[in-house]
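A.B. asks: Next input, structure requested:
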Amino acid sequence: MNKQEDITNKKDKIYQLLRHEVIEENNLFTRLFSQEINFNNTSLTLDSTLKDLSLYDFRVDISILGEKINYLFNTYKTLPGVIITENNNFLGVISRRQFLEQISRPYGIDLFFKRSLQSLYKFIPNNPLILSHYTLIVDATQTVLERPLDFIDEPIVVILNNGEPRLLDVKQLLIAHSNIHQLATQLLTDLALKLECTNHQLEELVNVDALTHLANRRYFNSFLEREWKRLQRQKESLSLIICDIDYFKRYNDTYGHVQGDKCLQKVAKVIQDSAKRSTDLAARYGGEEFAIILPDTEINGAFSVAKNLQENLQNCQIIHQNSQVNNYVTLSIGVASLIPSLEETEEILIQEADQALYQSKIKGRNMINVFSNKFF
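C.D. replies: Numbering: from 1, shown residues only. This is a model prediction of the structure:
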């Protein structure tokens, strides 16, 4: 097999994969979205243009709810974005990255899921790269690589001969360019690294609480489930600490929400520093509640971590003049530990730690309580 035949075979495999992926996922959205994917299996040359590539036509009206776009992106993992229209007129584009960045912000889900895209669209910078479908692939690639880094992986709007817009995934463009010119191999590698970095950043945005920079509830749940299954197999202990800032509502009422946020950040820093091992996870559990997951840790070790946490916070001396238990910000802490079993789920550990936290609150707050009503 000569070099040209090898390149042709690789190209055919790429198109077969793209065709199978698009056809399978297209069946899921025919009721909600109008999709039209064009394929051209002619051999790509230096004269090939964007019309020779596969183009996405996911058009949604700006009145559609944000939760439907979330469902679309979650189900169709390769979709780079959607075309936004109003009364069938082109308005712009919302990319996957832009959408995830907005909903991962504090209260992003509450703000945008039950509202139309119009409420989300005004917060998104909309300066898509718009090219004619007659643009040469090599020229389009060069234009993409000259864009600012923050926009280099954003989908391209391709205008057809009849004036209708389509979307082109930058990755598809570079795959085509690599078949046209050997130099594109290096360009594709560079973009792949950029995309990997972007995906990592998006993963952090989705899994990290924006205010405290601790893991959020979503990642807490997935991490706990994963560790439960692992330690279930290894028959080792898994411990959980849940803590709550005492009289935090009074703190907000006294000092205001801006200072309240700063207080949460200071407490989060203490909690993060208390989870010293790389295998531990500190998370914002919700509101003024925090949690620490301690894999391979028995109850005595978990209590020691909770005790250090309590002492470290006391040393910070965050003033709270309207607390009924101290002049400084304090924590009520619940601790639980067990060896995961096949008969139970990780929810039992959460329930036990939560019950221990409840005992700390009803017994006066600013204390540590271990599940099974053993009080320290």
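A.B. asks: contacting residues for the residue positioned nearest the centre of the chain?
C.D. replies: Among the residues of the chain, the one closest to the centroid is residue 206, at 2.0 Å (CA atoms, centre = their mean). By CB atoms under 8 Å, 6 or more residues apart in numbering, residue 206 lies in contact with 100, 104, 218. Heads up, the C-betas are built off the backbone N, CA and C, glycines and all.
A.B. asks: I'd like the distance between it and residue 224.
C.D. replies: 17 Å (CB to CB, to the nearest Å).
A.B. asks: now swap in residue 144 and tell me
C.D. replies: For residue 144 relative to residue 224 (CB to CB), the value is 41 Å.
A.B. asks: Buried among the contacts of residue 206? Make that a PyMOL selection.
C.D. replies: In PyMOL, this line selects whichever of those come out buried by 16 or more other CB atoms under 10 Å:
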select buried, resi 100+104
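A.B. asks: Closest one of the contacts of residue 206 to residue 140?
C.D. replies: residue 100 (25.2 Å; CB to CB).
A.B. asks: Check which helix or strand that closest one maps to.
C.D. replies: Per DSSP states H and E, residue 100 falls inside helix 96-103.
A.B. asks: Tell me the first helix or strand C-terminal of that helix.
C.D. replies: Next along the chain after helix 96-103, taking DSSP H and E as the criterion, comes helix 108-112.
A.B. asks: what distance separates that next one from the centre of its chain?
C.D. replies: 14 Å (CA atoms, centre = their mean, to the nearest Å).
A.B. asks: returning to what we had before: helices or strands next to the helix holding residue 100 in the packing?
C.D. replies: Here helix 96-103 touches helix 66-75, strand 81-86, helix 108-112, helix 184-207, going by 3 or more CB pairs under 8 Å, 6 or more residues apart in numbering; DSSP states H and E.
A.B. asks: Please identify the most buried of the ones you listed.
C.D. replies: Highest mean neighbour count of the helices and strands packed on helix 96-103: strand 81-86, a mean of 21 (counted as mean count of other CB atoms under 10 Å).
A.B. asks: Dump it to CSV, restricted to CA.
C.D. replies: Taking Å, rounded to 0.1, in the frame of the first residue of the first chain, the C-alpha atoms of strand 81-86 are listed here in CSV:
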residue,chain,number,x,y,z
GLY,A,81,-22.9,24.4,19.5
VAL,A,82,-26.3,25.5,18.3
ILE,A,83,-27.5,28.2,15.9
ILE,A,84,-29.8,30.7,17.6
THR,A,85,-32.6,32.1,15.5
GLU,A,86,-35.6,34.5,16.1
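A.B. asks: Pairing partners for it, with directions?
C.D. replies: In the sheet, strand 81-86 lines up against strand 59-61 (parallel), strand 89-95 (antiparallel) (DSSP bridges).
A.B. asks: which residues are contacting that strand?
C.D. replies: By CB under 8 Å, 6+ apart, the surrounding residues in contact with strand 81-86 are 57-63, 69, 72, 90-96, 98-99, 117, 121, 154-155, 157, 165-167.
A.B. asks: which of those residues count as buried?
C.D. replies: Buried, going by 16+ other CB under 10 Å: 57-60, 62, 69, 72, 90-96, 98-99, 117, 121, 154-155, 157, 165-167, out of those.
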